[in-house]
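Asks: Here is a sequence together with a model predicted from it:
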2 protein chains.
Amino acid sequence: MDDMKLTARGRATRQRIIEATGEQILASGIGGTTLDTVRAATLTSKSQLFHYFPGGKAELVREVAAWEGAQLLAAQQPHVDDLGSWESWSAWRAALVDYYLGLGRWACPIGSLATQAAATDPELERVIAESMGAWRDLLSAGVRKMQASGDVDASADPERIAMVILTAVQGGLVMSQPLRSAWPLEAALDSALDPLHRVRVGSEGA
Amino acid sequence: MDDMKLTARGRATRQRIIEATGEQILASGIGGTTLDTVRAATLTSKSQLFHYFPGGKAELVREVAAWEGAQLLAAQQPHVDDLGSWESWSAWRAALVDYYLGLGRWACPIGSLATQAAATDPELERVIAESMGAWRDLLSAGVRKMQASGDVDASADPERIAMVILTAVQGGLVMSQPLRSAWPLEAALDSALDPLHRVRVGSEGA
DNA sequence: CTAAGAATGGACCATGAAGTCCAATCAGGA
DNA sequence: TCCTGATTGGACTTCATGGTCCATTCTTAG
C-alpha cells in the first residue's frame, strides 16, 4: 500500500492531501467530504488523488485515520509516556483538552471516525481499533506505574481504569459537541481520573 | 410540519417509514441510508416518502431523531421516573444496557446522530439536544432524590453527576462498538454510578 | 352512491461524486 | 544532454441518489 516511489515533492503532496482530508472529515464527516473539495483545498488534480491513493476515497480515509491516530498520540507527548504521578496525569489531561481545543470543534478525529465508518469499512475499523488500543496501552501503563508507587490500590484493574478514562474522553466529546462547551468533557475526565488521587484534595465542584 | 391529514393507514405507513429509516441509519449511518433502500424496506414508493416528509431526507432524519429520542426514554421506563434508591438506579442501568443490547449494535441512536449530523443540520441538532436535555433532566432529578434521602452528599452538583453519567453511556458505546463487547459500556456506567452508593459495597473489579 | 381527498405507483429528471484515461510536464540520474 | 519515470492537469464517463410529476387506486364522509 505504501510501496510507492515517491520523491520529496510527491511525499509533500501526499501528506498535504491527507491533512486537508482530515480537516474536512472532522468538519463535515466522511460523507460531507468529497474528492472534489479535497482537490480544491489542496490545489491538486483528480489524477493525483488516485495516483497517491489507488484505492480511492476508502484508502484515503484509512490513511487519514492512521495519520490522525498518530497525531492524537503525539499531542499527548511527553506526558503520556510518564503518568507516574498525579501531576503528570494532570498535565496529560491539560494537554489533551488543549489538543481538542486546538481542533476547533469538540470531536475526536478517531472516535468520530469510529462511529461513522464502523460497519462500513472493516479495514478502517481495524486501523481505528489499533489507535484506540495503543492509546489504551499507554494509559494502562501509567495506571500501573501509579500502582507500583502505591498511589493507586494494587487490586484495581489497570485495563479497566484505562478504558473508563477513554470512555470519558469519547463520551465527554459527544456531549460537549452539541453544547459547544468544554465542561462535559472536563467533568467526565475529572470524574474518571478521580480514582488516581491517593489523597482526595477536595471536590472540583461546578 | 405535522399538520397533515392522515388516515389510520397513512399514519401506519408514515410510522413504518420512520422506524425502518431509524434501523438503517443505526446500521449504516445517515450517508449509508438512501431513500431507495428505505423505499425497498418499507414497500413504499418514492412519492410516499415525499408525501409524508415534504422536506425530503432531511425532514425524515429529523423525525427519526425525534422518534428514537422518545424510544430511548421509553426504554428506561419506569425506572427513570424513580431513581430514588440505589436499587432503582441499578434497575435503570440494567434496562438501559438491555435496550442497547436489543438494538443489536453498540451504538446510541441519538448519540451517533449527534456526531454524524452535528454541523450539517442545525435543526436536527436542536432535536438531538432536546432529547439529550430531557434525558439529563430525568437523571439529575434522580440524583436530587438521592440527595434528599441522604444517600448522596448534598454538596454534589446533580447536573454534573447526571452529565457524567450521560458521558459514560455515550463514551461506553463508542468504545464498545469496535470491541463488540458490552464491557466498556458497563465499566463506564459502573464507574459513573459509583458516587451514588452511600455504602461502598466493595469493588466490582474485573 | 359518489365525489373529494388521501394514498400509492413508478417513470423521469438533475446533480453531484467517484473513478478512468491520456496527454503534458517536471526532476534526477546515466 | 537525454531519457525514464514521477508528477500533474483536466476532460470524460458512469452511476447512485435526491427530488419532481402525474396518473391511478383506495377511503370515507355526506
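Replies: Right, received. Where do you want to start? Numbering: from 1, shown residues only, chains lettered A, B, ... in the order given.
Asks: Tell me how many other residues surround A:Glu130.
Replies: A:Glu130 has 15 neighbouring residues, counting by other CB atoms under 10 Å in any protein chain shown. Heads up, the C-betas are built off the backbone N, CA and C, glycines and all.
Asks: what about whatever helix or strand it lives in, near chain B?
Replies: Assigned by DSSP states H and E, A:Glu130 belongs to helix A:122-148. Yes - with CB under 8 Å from any CB of the partner chain as the criterion, chain B is reached by helix A:122-148 at A:125, A:128-129, A:132.
Asks: Likewise for stretch A:92-111?
Replies: Yes - under the criterion of CB under 8 Å from any CB, chain B is reached by stretch A:92-111 at A:105, A:107, A:111.
Asks: Buried residues, stretch A:67-86. List them.
Replies: Neighbour counts over stretch A:67-86 (16 or more other CB atoms under 10 Å in any protein chain shown) mark A:67-69, A:71-73, A:75-76, A:79-80, A:83-84, A:86 as buried.
Asks: ok, of the residues you listed, which one's closest to B:Val152?
Replies: A:Trp86 (25.4 Å; CB to CB).
Asks: how about the closest one, phi and psi?
Replies: A:Trp86 has phi and psi values of phi -60, psi -40 when expressed as degrees, to the nearest 10.
Asks: pretty sure it contacts A:Pro195?
Replies: No - taking contacts as CB atoms under 8 Å, A:Trp86 lies outside contact range of A:Pro195: 11.2 Å.
Asks: Can you tell me which residues in chain A are near DNA strand D?
Replies: Proximity of chain A to DNA strand D, by CB under 7 Å from any atom of the strand, involves residues A:4-7, A:9-11, A:13, A:43-48, A:51.
Asks: quick one: which of these is nearest A:Ala91?
Replies: A:Arg11 (33.3 Å).
Asks: The residues of chain A next to DNA strand D, buried ones only, as a ChimeraX selection?
Replies: Command for ChimeraX that selects the buried part of these, burial taken from 16+ other CB under 10 Å:
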select /A:13,44,48
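Asks: Filter the residues of chain A next to DNA strand D to keep only those in contact with DNA strand C.
Replies: Answer for these near DNA strand C (CB under 7 Å from any atom of the strand): A:7, A:9, A:46-47.
Asks: one step back: now, which of the residues of chain A next to DNA strand D lie within helices?
Replies: Using DSSP state H, the subset of these located in helices is A:9-11, A:13, A:46-48, A:51.
Asks: For these, work out which two are farthest apart.
Replies: Taking CB to CB, no two of these sit farther apart than A:Arg11 and A:Lys46, at 19.7 Å.
Asks: Please identify which helix or strand holds the spatially most central residue of chain A.
Replies: Centroid-nearest residue in chain A: A:Leu72, 4.2 Å away (criterion: CA atoms, centre = their mean). Assigned by DSSP H and E, A:Leu72 belongs to helix A:56-75.
Asks: So which other helices or strands are in contact with the helix or strand just after that helix?
Replies: On the C-terminal side of helix A:56-75, the nearest following helix or strand under DSSP H and E is helix A:86-103. Contact here means 3 or more CB pairs under 8 Å, 6 or more residues apart in numbering or on different chains; DSSP states H and E; on that basis helix A:86-103 packs against helix A:56-75, helix A:122-148, helix A:183-193.
Asks: Please identify the most buried of those helices.
Replies: Neighbour counts (mean count of other CB atoms under 10 Å in any protein chain shown) averaged over each of the helices and strands packed on helix A:86-103 peak at helix A:183-193, with a mean of 23.
Asks: Report the angle between that one and helix B:122-148.
Replies: Here the directions of helix A:183-193 and helix B:122-148 differ by 40 degrees (axes from the mean of the first three to the mean of the last three CA atoms, to 10 degrees).
Asks: about what we covered before: contact partners of the helix holding A:Leu72?
Replies: Outside helix A:56-75, the residues that touch it by CB atoms under 8 Å, 6 or more residues apart in numbering or on different chains are A:1, A:17-19, A:21-22, A:25, A:30, A:35, A:38, A:49-50, A:53, A:55, A:80, A:95-96, A:99, A:108-110, A:113, A:117, A:121, A:123-124, A:127-128, A:130-131, A:134-135, A:138.
Asks: contacts with DNA strand C among the residues you listed, please.
Replies: Among those, proximity to DNA strand C is found for A:35, A:50 (CB under 7 Å from any atom of the strand).
Asks: Look through chain A and state the residue closest to DNA strand C.
Replies: The nearest approach of chain A to DNA strand C comes at A:Gly56, 2.5 Å away (CB to the nearest atom of the strand).
Asks: Check the gap between that residue and A:Thr21 for me.
Replies: According to CB to CB, to the nearest Å, A:Gly56 stands 12 Å off from A:Thr21.
Asks: again with A:Tyr99
Replies: 19 Å.
Asks: Neighbour count for the two, which is higher?
Replies: Higher neighbour count among A:Tyr99 and A:Thr21: A:Thr21, with 26 against 16, using other CB under 10 Å.
Asks: How about the contacts made by the more buried one?
Replies: Neighbours of A:Thr21 in contact, by CB under 8 Å, 6+ apart: A:33, A:38, A:60-61, A:64.
Asks: nearest spatial neighbour of A:Arg93, skipping sequence neighbours?
Replies: Excluding the flanking residues, the one nearest A:Arg93 by CB to CB, 6 or more residues apart in numbering or on different chains is A:Leu189, at 5.7 Å.
Asks: The helix or strand bottoming out on mean pLDDT in chain A - contacts with which helices or strands?
Replies: Ranking every helix and strand in chain A by mean pLDDT, DSSP states H and E puts helix A:109-117 at the bottom, with a mean of 91. Using 3+ CB pairs under 8 Å, 6+ apart, the elements in contact with helix A:109-117 are helix A:8-28, helix A:56-75, helix A:122-148, helix A:158-179, helix B:109-117, helix B:158-179.
Asks: Quick one, which of those gets closest to B:Ser90.
Replies: Closest to B:Ser90 of these, according to CB to CB: helix B:158-179, at 13.1 Å.
Asks: Which neighbouring elements make contact with that closest one?
Replies: Applying 3+ CB pairs under 8 Å, 6+ apart, one finds that helix B:158-179 contacts helix A:109-117, helix A:122-148, helix A:158-179, helix A:183-193, helix B:109-117, helix B:122-148, helix B:183-193.
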